[in-house]
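Colleague: I need the structure of the sequence given here:
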Amino acid sequence: MRLLGRHAAGWPAALTLAVGMAFAVPAPAAEQVVAPGDDLGVLIEQAAAGDVLSLAAGRHAGPVVIDKKLSLLGRSGAVVEGDGKGSVLTVTAPGVTIRGLTIRGSGVDVPAMDSAILVRQSARGAVIEDNRLEGNLFGVYLHGAAKSVVRANTIVGRDDLRLSESGNGVSIWNAPGAKVIGNNIRYGRDGIFVNISKRNEFRDNTFADLRFAIHYMYTHDSKVIGNVSRGNHVGWALMFSDRLEIRDNVSVDDRDHGLLLNYVNNSQITGNVVRGSRNKCLFIYNAHKNRVAGNHFENCPIGIHFTAGSERNDVYGNAFVANRTQVKYVGSRNVVWSHEGRGNYWSDNAAFDLDGDGVADRPYRPNDLVDDVLWRYPQAKLLLNSPAIDLLRLAQSQFPGLLPGGVVDMAPLIDPPDIGGSE
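Modeller: A predicted model of the protein is given here:
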């Protein structure tokens, strides 16, 4: 009986605690409308984690620091404007959302990372979307902010600074899992610059009037998919990175290169279109064990420049169309570009397909001994139309053993493959 009494005595308290826990719910987030004359910094200090600050149309003064989990939302016409020093918005707390704002007025100190929105390492999981960032040094800087998302923003950088003084549309340093999706980026240094990171995804962005549309350094296991670069110095400059997926991107009229692979290894480069670069469609420099398949390279002075000991790359199913020089390769080895009976399409290959299998009846060599001499000794271009060059080509045609090492397509395609994502 005493045991039963002890249980009975404790029952009401336990029942009360259990019922309280069962029905306890967090308090709903408070939403506060911020008028242009309100002190935004003070309101952030007074807000509770999880609150929503809705900025009314008009000018709101920066800079401010967001040091707790808040949503900063802009109504139509809401502008946050800095004083020309530092970053306009600095985020130091995880889980912050910034949406629907026009933000301008950052400083111009590159080492200080002056930005429209500077997201610090402590601010994991930030969401930056549907904003217009105009006239800032950097647009968004994810400085260690892992798993953050920069989505559907219009970023217009500075076009009045020298390139060395300019910032990037989106900069990422050591932010694993960060994604940059569906942004429109113009002016500044690079559209997206990423350094020392992993598992990043850059998808469906458009870039114009920049140095590099996307600049990759020491960033592994990442994706660049469905982006468009127009009129930049280089479309996709990918360096010192492994296990990348580079797919369905378009480069049109980029000045130097459409796609540059420098020390890129074990990666998939598929479905990309490069058209009208004024130097090279594709430049592969000391890159190994990559699959370059199903791409379209058109109307460049050089279709593909392949150099610096790049080895064990599979190159097949691509279309090389109307490039002045389809392939530039200087080396003594024979490099075979075909895979499982399927090579590439070459617009200058006057070939026959007597059995109708879609593959030319003879292998194709994009370069000959004259090309090799001209690349090694550029001064020899003065003799290009001379009898000496004609004699060299005649001798080569009569004695195939004179052919230099170089690219050989063992199964050239008769028709260009249909490349998804072409414009």
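Colleague: quick one: contacts for the residue most central in space within the chain?
Modeller: Centre of the chain computed as the mean C-alpha position; nearest residue by C-alpha atoms, centre = their mean is I214, 4.0 Å away. I214 makes contact with 190-192, 194, 202, 205, 207, 224, 227, 229, 235-238 under the criterion C-beta atoms under 8 Å, 6 or more residues apart in numbering. Bear in mind the C-beta positions are built from the backbone N, C-alpha and C, glycine included.
Colleague: just the residues you listed now: which is nearest K179?
Modeller: Minimum distance to K179 across these is 7.6 Å, recorded for F202 (C-beta to C-beta).
Colleague: so the closest one sits right up against V228, yeah?
Modeller: No. With contact defined as C-beta atoms under 8 Å, F202 does not reach V228; the gap is 11.8 Å.
Colleague: Find the helix or strand that the residue nearest to the centre of the chain is a member of.
Modeller: Remark: I214 resides in strand 212-220, with elements defined by DSSP states H and E.
Colleague: Just give me how far that strand sits from the chain centre.
Modeller: Here strand 212-220 is found 7 Å from its chain centre; the criterion is C-alpha atoms, centre = their mean, to the nearest Å.
Colleague: Could you do stretch 79-87 as well?
Modeller: Relative to the chain's own centre, stretch 79-87 is displaced by 27 Å; criterion: C-alpha atoms, centre = their mean.
Colleague: Do me a favour and get the end-to-end distance for it?
Modeller: Start to finish, the residues bounding stretch 79-87 are 15 Å apart (C-alpha to C-alpha, to the nearest Å).
Colleague: tell me the mean pLDDT over that stretch?
Modeller: Averaged over stretch 79-87, pLDDT sits at 97.
Colleague: and what of stretch 409-423?
Modeller: When pLDDT is averaged along stretch 409-423, the result is 80.
Colleague: What lies in contact with it?
Modeller: For stretch 409-423, contacts defined as C-beta under 8 Å, 6+ apart pick out 226, 228, 248-250, 252, 271-273, 275, 294-296, 317-319, 321, 336-338, 341-347, 349, 351, 353, 358-360, 363-366.
Colleague: Now the buried members of these.
Modeller: For these, burial is judged from neighbour counts taken by 16 or more other C-beta atoms under 10 Å, and it is met by 226, 228, 248-250, 252, 271-273, 275, 294-296, 317-319, 321, 336-338, 342-346, 349, 359-360, 364-366.
Colleague: any idea how far H296 is from A351?
Modeller: In this view, A351 and H296 are 19 Å apart by C-beta to C-beta, to the nearest Å.
Colleague: what's the spacing between V64 and F193?
Modeller: Between V64 and F193 the distance is 25 Å, computed by C-beta to C-beta.
Colleague: now L210
Modeller: Relative to F193, L210 is positioned 10 Å away (criterion: C-beta to C-beta).
Colleague: cool, and N262?
Modeller: Using C-beta to C-beta, one obtains 15 Å as the distance from N262 to F193.
Colleague: Just want to know which of the two has more residues nearby.
Modeller: Between N262 and F193, counting by other C-beta atoms under 10 Å, F193 is the more crowded of the two (23 against 17).
Colleague: after the helix or strand in which that one is found comes which helix or strand?
Modeller: Element membership for F193, per DSSP H and E: strand 190-198. Along the chain past strand 190-198, the next helix or strand (assigned with DSSP H and E) turns out to be strand 201-203.
Colleague: Need the contact partners of that next one.
Modeller: 179-182, 192, 194, 214, 222-227.
Colleague: and the next helix or strand after that strand, how far out from the chain's middle?
Modeller: Using DSSP H and E, the helix or strand that directly follows strand 201-203 along the chain is strand 206-208. For strand 206-208, the gap between its own C-alpha mean and the chain's C-alpha mean amounts to 11 Å (C-alpha atoms, centre = their mean).
Colleague: in strand 206-208, what counts as buried?
Modeller: Along strand 206-208, these residues count as buried under the neighbour rule (16+ other C-beta under 10 Å): 206-208.
Colleague: what do you get for stretch 117-124?
Modeller: With burial defined by 16+ other C-beta under 10 Å, the residues of stretch 117-124 counted as buried are 117-120, 123-124.
Colleague: ok, now which ones touch M113?
Modeller: Neighbours of M113 in contact, by C-beta under 8 Å, 6+ apart: 87, 138, 141, 143, 171.
Colleague: Any chance of the backbone angles for it?
Modeller: Backbone torsions of M113, given as degrees, to the nearest 10, read phi 60, psi 40.
Colleague: If I look at it, what pLDDT would I see?
Modeller: Model confidence at M113, expressed as pLDDT, equals 98.
Colleague: And A57, by the same measure?
Modeller: What the model reports as pLDDT for A57 is 98.
Colleague: Now it: closest residue in space, sequence neighbours ignored.
Modeller: Of all residues beyond its chain neighbours, the one nearest A57 is G77 (3.2 Å), with distances taken as C-beta to C-beta, 6 or more residues apart in numbering.
Colleague: roughly how far apart are A208 and G62?
Modeller: Computed with C-beta to C-beta, the distance linking A208 and G62 is 27 Å.
Colleague: Likewise for I214?
Modeller: The value you get for I214 to G62, if C-beta to C-beta is used, is 29 Å.
Colleague: returning to that earlier point: got TSV for the buried residues of strand 206-208, with distance to G167 and pLDDT too?
Modeller: As requested, the buried residues of strand 206-208 are arranged in TSV below (distance: C-beta to C-beta, whole Å; pLDDT from 0 to 100):
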residue	distance to G167	pLDDT
T206	19	98
F207	15	98
A208	16	98
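Colleague: okay, those in CSV with distance to L53 next?
Modeller: Supplementary listing: these in CSV, determined by distance: C-beta to C-beta, whole Å:
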residue, distance to L53
T206, 30
F207, 32
A208, 33
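Colleague: ok, these vs Q326, which is closest?
Modeller: For Q326, the closest of these turns out to be F207, at 26.9 Å, with distances computed as C-beta to C-beta.
Colleague: which stretches of the stretch 201-350 of the chain aren't confidently modelled?
Modeller: Per-residue confidence for the stretch 201-350 of the chain (pLDDT under 70) gives these ranges: 308, 330-332.
Colleague: Quick one: the helices in the stretch 301-423 of the chain, in order.
Modeller: Taking DSSP state H, counting those that start in this stretch as the test, the helices found in the stretch 301-423 of the chain are 369-376, 387-398.
Colleague: ditto for the stretch 1-150 of the chain
Modeller: Across the stretch 1-150 of the chain, reading from the start of the chain, the helices by DSSP H, counting those that start in this stretch fall at 2-23, 40-46.
Colleague: Which pLDDT value belongs to A116?
Modeller: In the prediction, the pLDDT value recorded for A116 is 98.
Colleague: try D353
Modeller: The model reports D353 with a pLDDT of 83.
Colleague: Next: P378.
Modeller: The per-residue pLDDT reported for P378 equals 67.
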